[in-house]
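Participant: please work out how this folds:
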Amino acid sequence: GGAARHFRFGRFITMAAAAGRTILLAVDGSDNSREVLRCGAAFFSRPGDVLLAVHCFQSIPQWRAPYSVHIPTEEEKASDRQEEEQWLREFVKESLVHKADQARVQIKVVPGDPRSALLAVAEEVNADCIMAGHCGHKSVPSALLGSCSSHLLHHSQRPVIIVPEQESD
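Facilitator: Residues are numbered from 1 along each chain as shown. Have a look, this model is predicted:
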């Protein structure tokens, strides 16, 4: 029959043979990342599939007057992580209409630059695939993909699916 195929580590395998897939969904809060969540839920809906929404954040040093910088403490970083986790739960809930889809999505908030952090999480959880949004700048022809999407495509050892921006009406 017409079993779907994907490329995995230099060989083709059928999707039917890949039970219990782990799909990493890169989420940054944009409309495009809402579409990543929706596509992930729609395309990877077999029993046993794990959808892992990953959001990367950085605790940014703040300028304090006069002429000093406040570096966040470990407690402040932990508080930032909790706030980001709560935001991600709400974002998933708002983005996915069906409660069954919401229940299938696990969340993970990680500190650091998204380009390296997403690849590290993909390795850590042995993700079968990474889905990310197309976040390019339409006004710059040479930047067809955002830096994060481009980095994932060029450096990932796993299949990467880039979800295009939806045309606005």
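Participant: identify the residues contacting the most centrally placed residue in the chain.
Facilitator: Centrality entry for the chain: nearest residue to the mean C-alpha point is A26, 0.7 Å, by CA atoms, centre = their mean. With CB atoms under 8 Å, 6 or more residues apart in numbering as the criterion, the residues that contact A26 are S33, V36, V54, P114, L118, I130, M131, A132, G133, C148, L152. The C-beta positions use only the backbone N, C-alpha and C, and glycine is treated the same way.
Participant: let's see it at 7 Å
Facilitator: S33, V36, V54, P114, L118, I130, M131, A132, G133 (CB atoms under 7 Å, 6 or more residues apart in numbering).
Participant: quickly find the element holding M131.
Facilitator: In this assignment (DSSP states H and E), M131 forms part of strand 129-133.
Participant: which of the contacts of A26 ranks first by neighbour count?
Facilitator: A132 (29 neighbours; other CB atoms under 10 Å).
Participant: kindly state the beta-bridge partners for it.
Facilitator: I162 (DSSP bridges).
Participant: now do it against S95, distance only.
Facilitator: Plainly put, A132 is 15 Å away from S95 if you go by CB to CB, to the nearest Å.
Participant: buried ones in stretch 42-49?
Facilitator: Neighbour-count burial for stretch 42-49, counted by 16 or more other CB atoms under 10 Å, picks out F43, F44, D49.
Participant: can you map out the strands along this protein?
Facilitator: 5-8, 11-14, 22-26, 50-57, 62-64, 68-70, 105-111, 129-133, 160-163 (DSSP state E).
Participant: which neighbouring elements make contact with the fourth one?
Facilitator: Right, the one you point to is strand 50-57. Judged by 3 or more CB pairs under 7 Å, 6 or more residues apart in numbering; DSSP states H and E, strand 50-57 is in contact with strand 22-26, helix 31-43, helix 74-95, strand 105-111, helix 114-124.
Participant: turn the ones you listed into JSON lines, including mean pLDDT and distance to R158.
Facilitator: Compiled in JSON lines, the helices and strands packed on strand 50-57 are given as follows (pLDDT from 0 to 100; distance: least, CB to CB, whole Å):
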{"stretch": "strand 22-26", "mean pLDDT": "96", "distance to R158": "8"}
{"stretch": "helix 31-43", "mean pLDDT": "93", "distance to R158": "14"}
{"stretch": "helix 74-95", "mean pLDDT": "92", "distance to R158": "22"}
{"stretch": "strand 105-111", "mean pLDDT": "95", "distance to R158": "16"}
{"stretch": "helix 114-124", "mean pLDDT": "95", "distance to R158": "6"}
